[in-house]
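Colleague: no FASTA, just this:
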């Protein structure tokens, strides 16, 4: 597509490229070239579909393929997980409505950040998007009452991991888990960590919309606020789950966003993140970028972040899959495009992305955060509490030690 930077996708595993080809199937479009099906590791194919949380979309499209191209067990696995996700989303829908009613009756205003309401808005079908929990935004003044209500309903608060004073000070959400319902709820009082600038809760509340999914009113973001949140959230996490980019693709395709919806990106100096998202969706999801927003893809910083994001997406995918493999004692996918790079080099590029994506004030706090001791440091070197202050000057050496030990 003219005007959009071509990104080198050669580092992406062929299994991930096939997943993208399947997602991009459109009626009237030429069928997928058979070359994409050659020497596919179907177990890795499934693991990547799970990791990226795109298996519902993949299942909905894979039915359009010649059944001889994909092993039957792969189709059956996708169908089973698609069904399980549908049941999960229905359960979350019921809990979303109950929590909305409970909070509203106790005079707590709440906006849903994720979950079934967002899935219905973006895809028109809750079965096509996954959600592992319910994320709710409230005013910080209502936090204590909200916590009491959840605890009285059988939820248990998940305590913050000890060791990081800075993390506690900069926290912006807290999690609660219901062991019987197996549902997790995250209560947010900010969208992002301080000192990031963002719309106030009252501003967001004024622009709220009501979901058509439930009989009792469930509120979520206005169009511009939702788009701003999804882009900023996805970019912050390096888009390491392609589901976030799939959301952006759907919103743009439905023309729910126009040039007039970009004021928040300019106001909060996030326009470069929008440019990055447009580049990535156009390259990975073949998203048609309208002429009026095409100039955003030409910014130098957006192009740099898009290139770094490809590394982040691929490397994080292998890392997370291998972590799960360790837990289940299954085979590790150790061979990846970055196997020739050392652990330190991989860590450097990941940290480079996390640093580059931030605003100037956020970069300062990010550096401070890197110097702030973590629980991993305590495992490497155990010091008595009286000497905890030594973790600060020793942290760079402890990080180096951990990385080199993994090499």
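Modeller: Yes, it's here. Here the structure is a predicted model, which is why all the values come from computation and not from measurement.
Colleague: And the average pLDDT for stretch 194-212 is what?
Modeller: Taken as a whole, stretch 194-212 carries a mean pLDDT of 94.
Colleague: Next, residue 149: phi, psi?
Modeller: phi -60, psi -40 (degrees, to the nearest 10).
Colleague: what sits against it?
Modeller: Counting by Cβ atoms under 8 Å, 6 or more residues apart in numbering, residue 149 makes contact with 102-103, 106, 108. Backbone N, C-alpha and C define where each C-beta goes, glycine included.
Colleague: so after the helix or strand of the chain with the lowest mean pLDDT, what's the next helix or strand?
Modeller: Ranked by mean pLDDT, DSSP states H and E, the helix or strand of the chain with the weakest confidence is helix 165-169, at a mean of 47. Toward the C-terminus, helix 165-169 is succeeded by strand 173-178 as the next helix or strand (DSSP states H and E).
Colleague: Save the contacts of residue 149 as TSV, and put in pLDDT too.
Modeller: Shown next, in TSV, are the contacts of residue 149 (pLDDT from 0 to 100):
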residue	pLDDT
102	98
103	98
106	98
108	98
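Colleague: Pull up the gap between residue 227 and residue 353, please.
Modeller: According to Cβ to Cβ, to the nearest Å, residue 227 stands 22 Å off from residue 353.
Colleague: cool, and residue 209?
Modeller: From residue 209 to residue 353 the distance is 33 Å (Cβ to Cβ).
Colleague: Next: residue 76.
Modeller: Relative to residue 353, and taking Cβ to Cβ, residue 76 is found at 37 Å.
Colleague: okay, the two: which has more neighbours?
Modeller: Ranked by neighbour count (other Cβ atoms under 10 Å), residue 76 and residue 353 place residue 353 first, with 22 against 10.
Colleague: Could you check how far the single longest helix found in the chain is from the centre of its chain?
Modeller: Taking DSSP state H as the criterion, the chain has its longest helix at helix 72-105. Its chain's C-alpha centre and that of helix 72-105 lie 18 Å apart, by Cα atoms, centre = their mean, to the nearest Å.
Colleague: Ok, stretch 20-29 next?
Modeller: Worked out by Cα atoms, centre = their mean, stretch 20-29 lies 23 Å from the chain centre.
Colleague: same thing with stretch 216-236?
Modeller: The chain centre lies 13 Å from the centre of stretch 216-236; the measure is Cα atoms, centre = their mean.
Colleague: And it, what's buried?
Modeller: If you call a residue buried by 16 or more other Cβ atoms under 10 Å, then stretch 216-236 has these buried ones: 218-222, 224-236.
Colleague: show me where the stretch 1-150 of the chain has helices.
Modeller: 14-23, 42-51, 55-62, 72-105, 116-123, 143-152 (DSSP state H, counting those that start in this stretch).
Colleague: quick one: the fourth one to helix 143-152, angle?
Modeller: Angular relation of helix 72-105 and helix 143-152 on a 0 to 180 degree scale: 120 degrees, by axes from the mean of the first three to the mean of the last three Cα atoms, to 10 degrees.
Colleague: other SSEs contacting helix 72-105?
Modeller: helix 42-51, helix 55-62, helix 116-123, strand 133-137, helix 143-152, strand 183-188 (3 or more Cβ pairs under 8 Å, 6 or more residues apart in numbering; DSSP states H and E).
Colleague: cool, the fifth one as well?
Modeller: Secondary structure elements in contact with helix 116-123, counted by 3+ Cβ pairs under 8 Å, 6+ apart, are helix 72-105, strand 219-220, helix 242-253.
Colleague: try 6 Å this time
Modeller: helix 72-105 (3 or more Cβ pairs under 6 Å, 6 or more residues apart in numbering; DSSP states H and E).
Colleague: tell me the angle the helix it packs on makes with strand 183-188.
Modeller: 50 degrees.
Colleague: Helix 72-105: which residues count as buried?
Modeller: In terms of neighbour count (16+ other Cβ under 10 Å), helix 72-105 has its buried residues at 74, 77-78, 81-82, 85, 88-89, 92-93, 95-97, 99-100, 102-103.
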